[in-house]
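[1] Fold the stuff below for me.
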Amino acid sequence: MQYSIKRYDLRKNLISTGLLIVRSEGQTTHLTYADSEITESVSELYHPIVALESLREVLERKYESIIGCNGCRIDSAYRATGGYGTYIVNYGEPASKKVSLFEPTDEIAKLCTVEEHKDSYNKWINSLGQTEP
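    Sure, this is the predicted structure:
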């Protein structure tokens, strides 16, 4: 699968539009993001969200940038939900709206870093009166 994905700086200013290529081999997910300035690839075993986290960390660290897909939104469930899906969450409510992890999003204000995503997810879990397993 491949998606046309926009890349933004950490202040959410558009940098470039590129391709996010997603490939699976057995239990390994391979992700490549490429635009006119950069090309980065990662491979991770098991769940695709682990590969997305690895790619996000490379982009954040090396290029101070984030990409515009559903799996990078602060209101998406950070934990694996199976396959290429994730859920959009609201504090105090169970997750109910399933979206594709790698599909592009135009809700730029909701893009976040990996650390912000983890913090938001934990706040959502706590808003449900549960603790992280």
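[2] contacts, neighbours, all on C-alpha from now
    OK.
[3] which residues touch whichever strand in the chain runs longest?
    The single longest strand within the chain, with elements called by DSSP state E, is strand 14-25. When contacts are defined by C-alpha atoms under 8 Å, 6 or more residues apart in numbering, strand 14-25 is touched by residues 1-9, 29-36.
[4] what about residue 79, helix or strand, and which?
    Assigned by DSSP states H and E, residue 79 belongs to no helix or strand.
[5] What sits closest to it if chain neighbours are left out?
    In this structure, residue 79 finds its nearest non-sequential neighbour in residue 49, 7.6 Å apart by C-alpha to C-alpha, 6 or more residues apart in numbering.
[6] Relative to residue 127, how far out is that neighbour?
    Separation of residue 49 from residue 127 (C-alpha to C-alpha, to the nearest Å) stands at 23 Å.
[7] out of those two, which sits in the more crowded spot?
    The residue with more neighbours, out of residue 49 and residue 127, is residue 49; 24 against 15, by other C-alpha atoms under 10 Å.
[8] now that one, what's its secondary structure?
    Applying DSSP: H, G, I helix; E, B strand; the rest coil to residue 49 yields a three-state assignment of helix.
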